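1. here's my sequence, what's the structure:
(one chain, ligands or ions: 1)
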Amino acid sequence: MAKTLTRAEIKNKKDGSWIIIHNSVYDVTEFLNEHPGGEEVLIDQAGGEATENFEDVGHSTDARELMKKYKIGELVASEHTHIDQKGEDWLSNTSDKDTSASSQKMLIIPIIIALLAIFLYYYYF
Ligand code: HEM
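-> Here you go, the predicted structure:
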């Protein structure tokens with residue numbers, strides 16, 4: 001059963017770095033040295049809400065998998081906030097739409113050229 005913590009308890013944590021991301025509490029003390037984004041950013045967030053900064057970076061799904069390892073508990077329900085996830089899924093969804101729209105446009109060009117070629121062939125021969 002996961003531990004339930006209040007923002008005050010997380011803030012008052014002196015020995016170690018706890019951060020809140022999407023209403024879950026992570027102990028990143030052991031991860032500071034390994035964080036590809038550097039330890040500074042994590043130390044800056046220690047003891048408080050890191051969701052917005054975490055999402056601003058657009059962490060990969062790998063990063064989201066990795067963070068499960070450091071989860072130590074949940075924020076009490078009365079102190080929950082909702083911040084949307086904007087990671088790879090969100091990015092790939094939008095770029096998927098873009099590619100399908102642009103590939104449709106790209107298809108029209110060869111079709112027009114082919115129709116023009118057929119028209120010219122019948123016109124001149
Ligand atoms: C348990 C929490 C966290 C984990 C497991 C984690 C993991 C990672 C990983 C694996 C990367 C490499 C890029 C990627 O795969 O997305 C990364 C990059 C980064 N992270 Fe985190 N991170 C955490 C929290 C945070 C927080 C709270 C911040 C900001 C305050 C942050 C800021 C950054 C930055 C600035 C980069 C570098 C991005 C770049 O160079 O493009 N991370 N993180």
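2. sec struct for the residue nearest to residue 50 when sequence neighbours are not counted, please.
-> Nearest residue to residue 50, sequence neighbours excluded (CB to CB, 6 or more residues apart in numbering): residue 19, at 4.2 Å. The C-beta positions use only the backbone N, C-alpha and C, and glycine is treated the same way. Under DSSP: H, G, I helix; E, B strand; the rest coil, residue 19 falls in the strand class.
3. can you pull the contacts of residue 19?
-> 10, 25, 26, 28, 42, 45, 46, 47, 48, 49, 50 (CB atoms under 8 Å, 6 or more residues apart in numbering).
4. over to residue 43?
-> 17, 32.
5. for the residue in the chain positioned nearest to the ligand, the count of nearby residues, please.
-> Relative to the ligand, the nearest point of the chain is residue 37 (2.4 Å; CB to the nearest ligand atom). Here the number of neighbours of residue 37 (other CB atoms under 10 Å) works out to 12.
6. what does it show for phi and psi?
-> phi -90, psi 0 (degrees, to the nearest 10).
7. hang on, residue 4 in a strand?
-> Yes. Counting by three-state DSSP, one finds residue 4 located in a strand.
8. residues contacting it?
-> Residue 4 neighbours (CB under 8 Å, 6+ apart): 73, 74, 75, 76.
9. by neighbour count, which of those residues wins?
-> Highest count within these by other CB under 10 Å belongs to residue 75, 21 neighbours.
10. surely it touches residue 22?
-> No. Contact status for residue 75 versus residue 22: not in contact, 9.2 Å apart, counting by CB atoms under 8 Å.
11. before we move on, which element is residue 73 in?
-> Per DSSP states H and E, residue 73 falls inside strand 71-75.
12. tell me if that strand is near the ligand.
-> No. Contact of strand 71-75 with the ligand (CB under 6 Å from any ligand atom) is absent, the minimum separation being 8.1 Å.
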